[in-house]
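Participant: Got a sequence here, can you build the structure:
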Amino acid sequence: MRRVAEEILQANQPEGVPPLPLTGERTLPDVPAENYWFRRHLAVYEWIGERIAGKRVVDMACGEGYGSDLLAAAGAASVVGVDANPEAHEHARLRYVRPNLRFERDLVETFAEPCDAVTFLQTIEHVQDPGAVLDHFKSMLADSSAGAAYVSTPNLLTLAPDGADKSDNPWHIKEYRAEEFRALCEAHFGRVELYGLFHARKLRVHAWALKAGWDAVHRRLGLTEPFYDRFTPAIAASDFRLATGDLDRALDFLAVCRP
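Facilitator: Take a look at the predicted model:
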């Protein structure tokens, strides 16, 4: 879990758009130190964006709004970004303006609108009754024969310490292993495809370097801060990939759930 010791605000926001503070509860664009987490989320939105052209999409727990905006730009017929937080809702409404995009302030458990796709990324681990939430999403897709809910969550095995039932993230209620998450989704949807998110390109090279002892080298040479001040902002969404194999080693899971 990343910790936020002092208030960090988004940089370079458009005129009239209040910057959001980085709290650790949700990820944000325009915060260089947060770029790894932002791109990790963005990679999944981009993958979904390739599959929702012409569809009516509801982006639940949309937070700052960048994902809703990406889906609208990807050719969705319409996108509704839903979030209960008043500051996030106001920021998203002011920052992201497109003819096929709107934002609603509401709870994911109560907002209801017929649609072809629901996205619910990195949030199911926050909710008290995930089964009820999944049933609610399924009911919104009931009139869409090709509808799908896209639900992602972090992998307990790569997030928490070895042997722990949960990480120390105070906003998470339940974290899942791959088969636990698959079983949860299959209990509420007829068809479920489960993908894992993995490092790719320069993040994969960085992982190899860590195994070879890079941590000890950069500390000994006093390069830690200069290196990561450049490396972290340079991470792109393409430095992650989605795949179906070796799910226990995945960073996050993405379930594509169909009624």
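
Participant: could you check the distance from F227 over to L141?
Facilitator: 46 Å (CB to CB, to the nearest Å). Backbone N, C-alpha and C define where each C-beta goes, glycine included.

Participant: Neighbour count for those two, which is higher?
Facilitator: L141 (22 against 14; other CB atoms under 10 Å).

Participant: Find the residue closest to that one in space, skipping its chain neighbours.
Facilitator: Leaving aside its sequence neighbours, L141 sits nearest to G147 (CB to CB, 6 or more residues apart in numbering; 3.4 Å).

Participant: Spit out the contact partners of H136.
Facilitator: Neighbour list for H136: 108-109, 112 [criterion: CB atoms under 8 Å, 6 or more residues apart in numbering].

Participant: One more: T153?
Facilitator: Contacts of T153 by CB under 8 Å, 6+ apart are 122-125, 175-176, 181, 252-253.

Participant: That one belongs to a strand?
Facilitator: Yes. T153 forms part of a strand when assessed by DSSP: H, G, I helix; E, B strand; the rest coil.

Participant: partners of it in the sheet?
Facilitator: F253 (DSSP bridges).

Participant: any chance you could map the strands in this structure?
Facilitator: Per DSSP state E, the chain carries strands over the ranges 56-60, 78-83, 101-105, 117-121, 148-154, 191-199, 240-243, 252-258.

Participant: any chance of those in JSON lines, with distance to Y45 too?
Facilitator: Shown next, in JSON lines, are the strands of the chain (distance: least, CB to CB, whole Å):
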{"stretch": "strand 56-60", "distance to Y45": "9"}
{"stretch": "strand 78-83", "distance to Y45": "11"}
{"stretch": "strand 101-105", "distance to Y45": "14"}
{"stretch": "strand 117-121", "distance to Y45": "7"}
{"stretch": "strand 148-154", "distance to Y45": "9"}
{"stretch": "strand 191-199", "distance to Y45": "12"}
{"stretch": "strand 240-243", "distance to Y45": "11"}
{"stretch": "strand 252-258", "distance to Y45": "10"}
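
Participant: Now tabulate these in CSV and tack on mean pLDDT.
Facilitator: Output for the strands of the chain, formatted as CSV (pLDDT from 0 to 100):
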stretch, mean pLDDT
strand 56-60, 98
strand 78-83, 98
strand 101-105, 98
strand 117-121, 98
strand 148-154, 98
strand 191-199, 98
strand 240-243, 98
strand 252-258, 98
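
Participant: Quick check: chain neighbours aside, which residue is closest to S238?
Facilitator: R201 (6.2 Å).

Participant: Now do the same for the one you found: its pLDDT.
Facilitator: pLDDT recorded at R201 is 96.

Participant: List the contacts of it.
Facilitator: So R201 contacts 236, 238-239 (CB under 8 Å, 6+ apart).

Participant: Pull out the buried positions in stretch 73-89.
Facilitator: Buried positions in stretch 73-89, judged by neighbour count with 16 or more other CB atoms under 10 Å: 74, 76, 78-83, 85, 88-89.

Participant: what's that stretch in contact with?
Facilitator: Here stretch 73-89 makes contact (CB under 8 Å, 6+ apart) with 18, 20, 26, 49-50, 52-65, 67-68, 71-72, 92, 96, 98, 100-108, 111, 113, 115-117.

Participant: Make a PyMOL selection of the buried ones in the residues you listed.
Facilitator: A single PyMOL command selects the buried members of these (16+ other CB under 10 Å):
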select buried, resi 20+26+49+52+55+56+57+58+59+60+61+62+63+64+65+67+68+71+72+92+96+101+102+103+105+106+108+111+115+116+117
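
Participant: quick one: which of the contacts of stretch 73-89 sit in helices?
Facilitator: When DSSP state H is applied, those are split such that 49, 67-68, 71-72, 92 fall in helices.

Participant: if we take the buried residues of stretch 73-89, which one ends up nearest to H218?
Facilitator: A88 (35.4 Å; CB to CB).

Participant: Can you give me the buried ones in the least confident helix or strand in the chain by mean pLDDT?
Facilitator: Across the helices and strands of the chain, the lowest-confidence element by mean pLDDT, DSSP states H and E is helix 214-220, at a mean of 78. Using 16+ other CB under 10 Å as the test for burial, helix 214-220 gives H218.
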